[in-house]
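In: What shape does this take:
(one chain, ligands or ions: 1)
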Amino acid sequence: MDPAQNPSPRPCWSCGAFIDRGDRFCRSCGKGQGGEVPWYYRHWGIVLIALFGLGPFALILVWRSPVLSKNAKLAYTAALLAATAFVGWRVYQAWLFAKSLLVL
Ligand SMILES: [Zn+2]
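Out: Residues are numbered from 1 along each chain as shown. Next up, the predicted model:
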């Protein structure tokens, strides 16, 4: 990279080691930077994982993501907690209904 174009080093989002501005991967830990951030830290990856995989545990990815802004993280957290509470309530209702069918 041209040093004039990328004058100051910046810290890696993952390990904090200083890397050149133009580096696409950290020289210390190897994590992708900028456009090379792993897919599961991006908006669509987090939504996909929350819906079809981890559910509320996707919050770990939300808060570790270097891509999301603070407000986006808060919005994802609120949405995930609300969805978890709703699903939990529906499961509880289904459990009560199933139990009522079993009692004679
Ligand atoms: Zn690093």
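In: mind giving me the domain ranges of the chain?
Out: 1-36, 38-104 (automatic domain parsing).
In: gap between the first one and the chain center?
Out: What it means is domain 1-36. 21 Å (C-alpha atoms, centre = their mean, to the nearest Å).
In: What about contact with the ion: does it have any residue there?
Out: Yes. Using C-beta under 5 Å from the ion, domain 1-36 reaches the ion at 12, 14, 15, 17, 26, 28, 29. All C-beta spots, glycine's among them, are computed from the backbone N, C-alpha and C.
In: Can you give me the buried ones in that domain?
Out: Buried residues in domain 1-36, counting neighbours by 16 or more other C-beta atoms under 10 Å, are found at 12, 13, 14, 19, 23, 26, 31, 32, 33.
In: Same check on stretch 46-59?
Out: For stretch 46-59, a neighbour-count test (16+ other C-beta under 10 Å) marks 46, 49, 50, 58, 59 as buried.
In: Can you pull out the residues in contact with that stretch?
Out: Contacts to stretch 46-59, defined as C-beta atoms under 8 Å, 6 or more residues apart in numbering, come from residues 40, 60-62, 65, 68, 76-77, 80-81, 83-84, 87.
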